[in-house]
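Undergrad: after the sequence you'll find the predicted model.
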Amino acid sequence: MKNVVETPLGPVSVLFKGEKVAKVVLGRAVPSDCVDFKVVKLLHAYFKGERVDFALVEVELSVSDFARRVLEEVRLIPYGTTITYGELARRLGTKGFRAVGRALSLNPVPVIIPCHRVVSAKGLGGFTAGLEWKRFLLELEGCGA
């Protein structure tokens with residue numbers, strides 16, 4: 001399948017809505033006829049361990065305004081860097097780090113919007129695709145886990 005990238009943890013599927021990325025599915029092959037080869041090529045490079053900047057990849061976000069603000073701020077976290085949920089909340093001008101975590105759980109395009117780079121002050125925190133994926137992505141970027 002042309003929209004699937006193979007990784008050590010299993011397939012990663014990228015789905016599009018028009019010309020925008022609508023969903024990234026970690027751990028499952030989901031076939032699609034709509035493919036943007038530039039995006040798939042970037043994902044291939046990323047999973048080979050290359051430093052990739054997804055900033056110019058257009059995404060389709062069907063989320064609340066607050067979740068959109070959270071996800072847009074997360075896009076600014078540099079490759080190989082982590083911040084805490086609390087720090088992300090402070091950057092957004094709120095004390096609601098739990099609300100930030102809930103907004104991150106709605107991220108339809110993990111990796112492209114690197115929510116894995118947001119961690120708990122006491123450890124990894126959560127990750128919708130599972131902590132094995134979060135550890136893998138952080139280690140791939142040289143963050144350790």
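TA: That came through fine. Here the structure is a predicted model, which is why all the values come from computation and not from measurement. Numbering: from 1, shown residues only.

Undergrad: what are the phi and psi angles of the most centrally placed residue in the chain?
TA: With distances taken as C-alpha atoms, centre = their mean, P110 lies nearest the centre of the chain, 2.3 Å away. Main-chain torsions, P110, degrees, to the nearest 10: phi -60, psi 160.

Undergrad: what sits against it?
TA: 24, 26, 116, 127-129, 133 (C-beta atoms under 8 Å, 6 or more residues apart in numbering). (C-beta placed from N, C-alpha, C; glycine too.)

Undergrad: assign a three-state SS to the closest residue to H44 other than its chain neighbours, would you?
TA: Spatial nearest neighbour of H44, chain neighbours left out: V5 (5.4 Å); criterion: C-beta to C-beta, 6 or more residues apart in numbering. Look at V5: counting by DSSP: H, G, I helix; E, B strand; the rest coil, its state is strand.

Undergrad: tell me the pLDDT of V5.
TA: On the pLDDT scale, V5 is placed at 94.
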